[in-house]
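S.K.: can you look at this prediction? I've put the sequence above it.
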Amino acid sequence: MQYRYREITEKLLEEITQGSIPIGERLPSEEKLTERFLASRNTVRESLRELETRGYLKRHRGTRALVISNKPIDRFTNSLVSIEELLQYTRFRSSDLDSKLLSETDIARFSDVAKQAGINENVTWRQLKVLRTSKEGNVPFGYFEVYVANQFATAITDFDLSKPVYQILEEKMGRKFSTVKQTITAGVATKEFFRPLKVQLGSPVLQARTEFITEEKVIAEIGMAYFPADRYRLEVMLERER
């Protein structure tokens with residue numbers, strides 16, 4: 001599958017390397033590029049971000065991107081370079097699993113739960129506890145605590161568990177997430193979820209905390225995921241740029 005932003009990236013890259021857009025010249029504005037490629041501004045920004053990462057452009061807020069090189073930098077980069085690819089991966093994984101809603105509650109401000117989850121205590125959050133298992137059997141894949149900011153909570157009334165929550169928020173609220181921040185750490189199984197995961201209390205688990213942030217820099221969703229250490233592997237592939 002060829003992502004739209006990469007099609008735009010390759011076209012702009014061709015123009016830069018062939019000299020149509022020489023070093024020292026600025027690219028057209030994001031608005032002009034969206035009109036030219038019939039793409040969203042987020043898609044155009046993703047293309048520009050990749051060209052910047054690869055060393056062809058320099059970008060500053062409020063100015064058009066500047067071409068600084070027409071030759072590739074020989075280095076390794078993460079093959080997962082866009083929000084779209086991360087979210088596509090999340091969506092794919094969810095479609096492979098059966099999900100069960102264990103509970104749904106409102107988290108009061110300044111509560112111990114809010115402090116433990118590291119969420120904004122000035123905002124009321126809706127907490128969803130979800131267990132995902134394999135479709136082939138009843139092997140737990142992960143235990144999830146999903147926190148949705150109160151202003152977005154109406155979107156998850158009678159929601160479809162087969163879809164990731166972020167996708168439901170985008171569809172029902174008409175908001176796009178411009179930033180996804182994920183932190184992965186090691187942890188241990190607590191009394192909260194060791195039984196649903198079918199692991200021993202205190203056994204190693206992998207913890208993933210994911211924030212979904214709108215273009216207005218509002219954190220709409222925070223996901224806390226816990227995976228048994230022997231049932232999850234994080235693999236990153238680096239590709240040499242040429």
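M.R.: Looks like it arrived, so ask away. Residues are numbered from 1 along each chain as shown.

S.K.: mind checking which helix or strand of this structure has the lowest mean pLDDT?
M.R.: strand 76-78 (a mean of 46; mean pLDDT, DSSP states H and E).

S.K.: which residues does the residue nearest the centre of the chain bridge with?
M.R.: Centroid-nearest residue in the chain: Val180, 3.8 Å away (criterion: Cα atoms, centre = their mean). Beta-bridge pairing for Val180 (DSSP bridges): Phe212.

S.K.: again, but for the one 4 residues further on
M.R.: With beta bridges defined as DSSP bridges, Ile184 has these partners: Ala208.

S.K.: my read: it touches Gln207, true?
M.R.: Yes: Ile184 is in contact with Gln207 according to Cβ atoms under 8 Å; the separation is 7.0 Å. (Glycine included, C-beta is placed from N, CA and C.)

S.K.: give me the pLDDT for Leu238.
M.R.: Per-residue pLDDT puts Leu238 at 54.

S.K.: quick one: contacts of the host helix or strand of Tyr143?
M.R.: Using DSSP states H and E, Tyr143 sits within strand 140-149. Here strand 140-149 makes contact (Cβ atoms under 8 Å, 6 or more residues apart in numbering) with 97, 107, 117, 119-120, 123-134, 155-156, 165, 169, 193, 196-198, 218-228, 231-232.

S.K.: what's the domain layout of this structure?
M.R.: 4-73, 86-231 (automatic domain parsing).

S.K.: mean pLDDT lowest for which of those?
M.R.: It's domain 86-231: among these, that one has the lowest mean pLDDT, namely a mean of 81.

S.K.: just how off-centre is that one within its chain?
M.R.: 12 Å (Cα atoms, centre = their mean, to the nearest Å).

S.K.: look at Asp160 and say how many residues are nearby.
M.R.: Other residues within reach of Asp160 by the criterion other Cβ atoms under 10 Å amount to 10.

S.K.: what about the closest residue to it other than its chain neighbours, helix or strand, and which?
M.R.: With sequence-adjacent residues excluded and distances taken as Cβ to Cβ, 6 or more residues apart in numbering, Asp160 is closest to Ile168, at 7.0 Å. In this assignment (DSSP H and E), Ile168 forms part of helix 165-173.

S.K.: how far does stretch 11-30 stretch from one end to the other?
M.R.: 15 Å (Cα to Cα, to the nearest Å).
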